[in-house]
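*Asks:* show me how the following folds:
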Amino acid sequence: MTGYLLKFIGIYFACLFKFISGPVLGAAAGFSLFEIVLVSVGGMMTTVVTLTFVGDWFKSYWDLKISPNRKRFSPKSRKIVRVWRKFGPIWIAVFTPLFLTPIGGTIVMNAFNVEKKKIILYMFGSALFWSVVLGGSIHWILSIPFFDTLLR
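*Replies:* Numbers count the residues shown, from 1 in each chain. Alright, predicted model coming up:
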């Protein structure tokens, strides 16, 4: 039981920073699909909720104390605005587990002043969808006899 909890907590902490680690490490640890979904969504949503509510404080601290004389329009900021206009908050949430980290996606959404309720809702839906898809895919691939014998 202690070993199981240590595995679960370790994978949970990995999911705080990188979502894809949940399905991959969960399958490697022998977790069921439900456990993979639980640990992946739990880790990502802990980061999302924390950064959503700390985001206002962080944004005001960053603007006032750290970078008072920064350029408003840089190539990087223009690229971020272009991506935001093209995709919007729903697609940023959809792409977050695959290409960004939970931290990156939440910071982008906070930077564009998306409502806290919407950030949490969109990120939860995205985390739930991708954890089921990725966890199910990994379980399906591991059920193929060739891969099962290859991994032994």
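
*Asks:* just say helix, strand or coil for residue 31.
*Replies:* Using DSSP: H, G, I helix; E, B strand; the rest coil, the secondary structure recorded for residue 31 is coil.

*Asks:* wait, isn't it in contact with residue 37?
*Replies:* No. Using CB atoms under 8 Å, residue 31 is not in contact with residue 37; the gap is 9.3 Å. C-betas here are computed from N, CA, C, even on glycine.

*Asks:* what about residue 135, how many neighbours?
*Replies:* By the measure other CB atoms under 10 Å, the count of residues near residue 135 is 24.

*Asks:* quickly find the element holding it.
*Replies:* helix 116-142 (DSSP states H and E).

*Asks:* buried residues, that helix. List them.
*Replies:* 119-120, 122-124, 126-127, 130-132, 134-135, 138-139 (16 or more other CB atoms under 10 Å).

*Asks:* out of those residues, flag the one nearest to residue 26.
*Replies:* Checking the buried residues of helix 116-142 against residue 26 with CB to CB, the nearest one is residue 135 at 6.6 Å.

*Asks:* confidence score at that closest one?
*Replies:* We have a pLDDT of 92 for residue 135.

*Asks:* spatially nearest residue to it (excluding sequence neighbours)?
*Replies:* The shortest distance from residue 135 to any non-neighbouring residue, by CB to CB, 6 or more residues apart in numbering, is to residue 36 (3.8 Å).

*Asks:* by contact count, what packs against the helix or strand that neighbour falls within?
*Replies:* Counting by DSSP H and E, the element that carries residue 36 is helix 33-61. Secondary-structure packing of helix 33-61 (3 or more CB pairs under 8 Å, 6 or more residues apart in numbering; DSSP states H and E): helix 2-17, helix 21-28, helix 102-111, helix 116-142.

*Asks:* ok, and what's touching the shortest one?
*Replies:* Spelled out, that is helix 21-28. The contact list for helix 21-28, computed with CB atoms under 8 Å, 6 or more residues apart in numbering, reads 10-11, 14-15, 35-36, 39-40, 43-44, 131, 134-135, 137-139, 142.

*Asks:* tell me the SS of the closest residue to residue 126 other than its chain neighbours?
*Replies:* Excluding the flanking residues, the one nearest residue 126 by CB to CB, 6+ apart is residue 93, at 4.4 Å. Classification of residue 93 using three-state DSSP returns helix.
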